[in-house]
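Engineer: Curious how this folds, go ahead:
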Amino acid sequence: MAWPVQTAPLTLDRACWVNAAEAAASMQSAQPPTLVDVRPRSLQRAAPIARALELELSDIASKRFLQQTPVVLLGTGLDNAEVDQACRQLRQQGFAQLQAVRGGVRAWQAAQAGTAGSQPLLQPLDAQTWIAALGQGMQWTVISASEAMQRAPQAQWPVPPEQLVAVQVEGKERDAKLVAAIARAYRDRLKRASKAGYAQALMVITDGVVSDALRAQVEKAMAPTADPSGAASSTSAAMATLPAYWLDGGWQAYAQQVAQTAAIQQTANHRLQAPCGRL
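Structural biologist: Okay, here's the model as predicted:
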């Protein structure tokens, strides 16, 4: 069974990308850009973005009126390769003022005045969505508090060993120690986060289904320390520099999704047998 592996970091076209704070500030200008939500339709319907057109990436080329105005694309934040390629092609086709927000909708919402506190710093993500994101050219750091993952062969890990931080705690007050250890690992990686030309993100993987209460404790411990007046901007900066996710269902859910995908592919590639008696 082939296990998913993070693809090599994708060097983004700098002309195609803008950080969320700059994009948010441009909305207050005399000629604000046209905001275009290019997330999947299901996400557009579930959580619409105020003042944003809802289009698929493939539809933008036919919207010639967008060539005459600055355009800001909002993706999921986990679709870098798709958005970067589309932006390059569209700019060559005459959409010279088109850019996309690094970090997608999540970074955009966090950059809005007064909204950062309402955005989850540690966002839950299901295994299927994360596996798809591994092929989008982001460099992932994995904080593994999963004993099962740490015992698994490295060939099953989604990232190379140097991008994995193993967290091990024992004894009394294990949950409190786990929360503190994950938060320390995140802050350490946040300090190291470079200004590379590719996107970076972090995934926390535990064993099995861990309660939402524990995830909330980890998120609280991870939050940047700042005075009340600067808390929102500090949180926004952290989310933009190194967005963090929590794998729903832990390592077991990930392994189960990999096995399920492999079974589907095997069935799809299986040649159907002719009915008995048919020549």
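Engineer: OK, contacts around the residue lying closest to residue 157 once chain neighbours are set aside?
Structural biologist: Leaving aside its sequence neighbours, residue 157 sits nearest to residue 164 (Cβ to Cβ, 6 or more residues apart in numbering; 6.3 Å). C-beta here means a position set from N, CA and C on the backbone, and glycine is covered the same way. By Cβ atoms under 8 Å, 6 or more residues apart in numbering, the residues touching residue 164 are 141-142, 144, 157.
Engineer: And the residues you listed, which of them are buried?
Structural biologist: Among those, those buried by neighbour count (16 or more other Cβ atoms under 10 Å) are 141-142, 144, 157.
Engineer: Helices of this protein, start to end?
Structural biologist: Ranges of helices within the chain are 20-26, 41-46, 80-92, 104-111, 127-133, 147-151, 174-192, 212-222, 231-241, 250-268, based on DSSP state H.
Engineer: show me what contacts the residue nearest to residue 207 when sequence neighbours are not counted?
Structural biologist: In this structure, residue 207 finds its nearest non-sequential neighbour in residue 146, 4.6 Å apart by Cβ to Cβ, 6+ apart. By Cβ under 8 Å, 6+ apart, residue 146 lies in contact with 205-207, 250-251.
Engineer: In this structure residue 11 contacts residue 138, no?
Structural biologist: No. Taking Cβ atoms under 8 Å as the definition, residue 11 is not a contact partner of residue 138, at 12.0 Å.
Engineer: about what we covered before: save the buried ones among the contacts of residue 164 as CSV, and put in pLDDT and distance to residue 55 too.
Structural biologist: Output for these, formatted as CSV (pLDDT from 0 to 100; distance: Cβ to Cβ, whole Å):
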residue, pLDDT, distance to residue 55
141, 96, 32
142, 97, 34
144, 96, 38
157, 97, 37
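Engineer: can you tell me which of those lies nearest to residue 4?
Structural biologist: residue 157 (9.8 Å; Cβ to Cβ).
Engineer: contacting residues around that closest one?
Structural biologist: By Cβ under 8 Å, 6+ apart, residue 157 lies in contact with 3, 142, 149, 164.
Engineer: now these in a markdown table, with distance to residue 95?
Structural biologist: Below are these laid out as a markdown table (distance: Cβ to Cβ, whole Å):
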| residue | distance to residue 95 |
| --- | --- |
| 3 | 38 |
| 142 | 36 |
| 149 | 43 |
| 164 | 39 |
